[in-house]
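Student: Here's my sequence, what's the structure:
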Amino acid sequence: RSASETTISQPQRTLDGTEFVPAPLLTEIQRVAGIEPQQPTDSITASVEDVQRVVGRQLASTDQTTVHDEVETAISEGPFSDDQVSRIRKGTRVAHARSSAKLDEFTGHIGDSVSEVHPQAEREPFSPRRLETYARCGFLYLMRHGLDLDEPESVTVELPKYKKGIIIDEILTQFYSELAAEDGRPIELSVYDDEELQQRLYETATDVLEAMETPDTVYYERWVAQLMAGLGDTTTVDDELPHGTDTGLLRGFLERERLLYEKTTARPFAFDVRIGDHPYADKAPARDTPVTVETNSGRTIPIHGAIDRVDHATLPDTDDVGFLIRDYKSGSTASSGDSIVGYKFQLPLYALMIRSVDEFASLGAPIGGSYYAVKPPRSVDWRKGLVGVIEHMEYFTSRGPAPAERYWNSPGFENDAEFTTFLEETTVNRVGDVVDSIESGTFAPTFQEARSASCSHCAFRDACDVRHHQRAERIEQADGPDTPPAYVPPGARPD
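Tutor: Next up is the predicted model:
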């Protein structure tokens, strides 16, 4: 759109009094056009954003008194309303307070307001995943579960990742549930030939996919091909699978299950075990009420959740049995260390919870748990993030009688006594620390390193004021006697 004239403005000086040097472009326009700059006839024009930028720069290197004086100068010369002046002064105070590592009302402690923002009736019972969110970042927990803010979904023509995970979980759960309904438990795959298992898994997958609401796109068709290739009547295109393979995820899953049968005594026993009647109204739970865990201080905490799979295992050189937790993951998986150092709670809490279900009392004691990676096109591994008892397991390539489980990396605990202590005391007391922190209204930004907490992928990173360079000091402050409870994962503490 054309205009009869154009006005180009340039500030004469910064808010701290430093004169601006005219830009070369403006100097050249003035020379060629013969235009002399005109001084403004009204008050100096500035914006709240201008003041905020200067305050942000100055607070990092200037004492509070100097910053206060400069802000007041800017206010006196800027055309701000009373409300804007109030916000500028409050913002300066908050910015100064947040430059400190102290945990207070400016840095994540909302105190008694938690009863309004996140009341007890809404936060209990807790799920392992929500507890993990808090261990990752208190601020993220507040955004998701206190303020119920929705994280924006990526605009894509592909099926969302979470829905892919739901589909894969449902296929594997239905497949084994149907086998268990016919032949009882634990399930012995040795009584089936490969062709029959492939056909049954193909039919189950077809039924699940047809029942789902899915997009009609070439991307979805490609994903289905990566999922189904090699089962039943399915065919595939070479470039949809890794080089040198002609089968997809589900066929790879059956092959891995055969290997699991050959290498260990673990056998699938129970599937989609739901504990607590909320929010799992679509299926009858194995236990109607949440499981209650008790900390060393006597505090009781209700926990609910859904366990993808429980495997039954005969222990080496004995007639005793134990059980292993399996949690299907179609995305990234945590490491064994994440559970051991207090970042993750899912596997240890599931191991505790399953023992409270009468139906599984005969399974004996928990001996471990792992994430079962099932990610198209061919990423299948049942040992991801394995934690458990070494004396019941063997290194993957070792020979001899089949152990209850095999590992590549050490599962962490030498014997049953160590593992039981980790479950019943270490994990439960950590959960108690998390809940104490939530109830006290502490929702500080993460104490973990940025990479560990996945800060770059957080949907709320633009609203967060985490200061990773102060991490060690913030942890020291959080441990102080006059500081409200704040859960710091042991793995986040400096060595």
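Student: Determine how far the last residue of stretch 482-494 lies from the first.
Tutor: Stretch 482-494 has its terminal residues 21 Å apart, counting by CA to CA, to the nearest Å.
Student: any idea of the mean pLDDT for that stretch?
Tutor: Averaged across stretch 482-494, pLDDT comes to 94.
Student: what comes up buried for that stretch?
Tutor: Neighbour-count burial for stretch 482-494, counted by 16 or more other CB atoms under 10 Å, picks out 483-489, 491-492. To be clear about C-beta, it is placed using only N, CA and C from the backbone, and glycine gets the same treatment.
Student: which of these sit farthest apart?
Tutor: 484 and 491 (21.7 Å; CB to CB).
Student: For residue 478, list the residues it contacts.
Tutor: Listed by CB atoms under 8 Å, 6 or more residues apart in numbering, the contact set of residue 478 reads 103, 444, 447, 486, 488.
Student: Sort out which one of the residues you listed lies nearest residue 332 for me.
Tutor: Using CB to CB, these come closest to residue 332 at residue 447, 21.1 Å.
Student: I'd like the buried residues of stretch 482-494 as CSV, with distance to residue 459 and secondary structure appended.
Tutor: CSV is the format used below for those (distance: CB to CB, whole Å; DSSP: H, G, I helix; E, B strand; the rest coil):
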residue, distance to residue 459, secondary structure
483, 28, coil
484, 26, coil
485, 26, coil
486, 23, coil
487, 22, coil
488, 23, coil
489, 21, coil
491, 23, helix
492, 21, helix
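Student: will you turn those residues into CSV that also has distance to residue 264?
Tutor: CSV is the format used below for the buried residues of stretch 482-494 (distance: CB to CB, whole Å):
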residue, distance to residue 264
483, 47
484, 46
485, 42
486, 41
487, 35
488, 37
489, 31
491, 29
492, 34
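Student: Out of those residues, which is nearest to residue 284?
Tutor: After measuring the buried residues of stretch 482-494 against residue 284 - CB to CB - the closest member comes out as residue 487, at 34.0 Å.
Student: Model confidence score at the spatially most central residue of the chain, please.
Tutor: Centrality entry for the chain: nearest residue to the mean C-alpha point is residue 133, 5.6 Å, by CA atoms, centre = their mean. pLDDT for residue 133: 97.
Student: for it, helix, strand, or coil?
Tutor: Put simply, residue 133 is helix when judged by DSSP: H, G, I helix; E, B strand; the rest coil.
Student: Show the contacting residues for the nearest residue to it once chain neighbours are set aside.
Tutor: Once flanking residues are discounted, residue 133 sits nearest to residue 141: 4.9 Å by CB to CB, 6 or more residues apart in numbering. Residue 141 makes contacts with 130, 133-134, 438, 443, as judged by CB under 8 Å, 6+ apart.
Student: try it again with 7 Å
Tutor: By CB atoms under 7 Å, 6 or more residues apart in numbering, the residues touching residue 141 are 133-134, 443.
Student: cool, and residue 494?
Tutor: residue 472.
Student: what about the helices in the stretch 1-150 of the chain?
Tutor: Using DSSP state H, counting those that start in this stretch, the helices found in the stretch 1-150 of the chain span residues 24-33, 48-59, 64-77, 82-98, 114-117, 120-123, 128-136, 138-141.
Student: where does the stretch 201-350 of the chain have low pLDDT?
Tutor: Scanning the stretch 201-350 of the chain for pLDDT under 70 picks out the ranges 233-245, 278-282.
Student: again, but for the stretch 51-200 of the chain
Tutor: For the stretch 51-200 of the chain (pLDDT under 70), the answer is 51-64, 67, 77-79, 155.
Student: Let's see that with 50 instead.
Tutor: Filtered on pLDDT under 50, the stretch 51-200 of the chain yields no residues whatsoever.
Student: For the stretch 251-400 of the chain, just list every one of the helices.
Tutor: Taking DSSP H, counting those that start in this stretch, the helices of the stretch 251-400 of the chain run over residues 336-340, 346-354.
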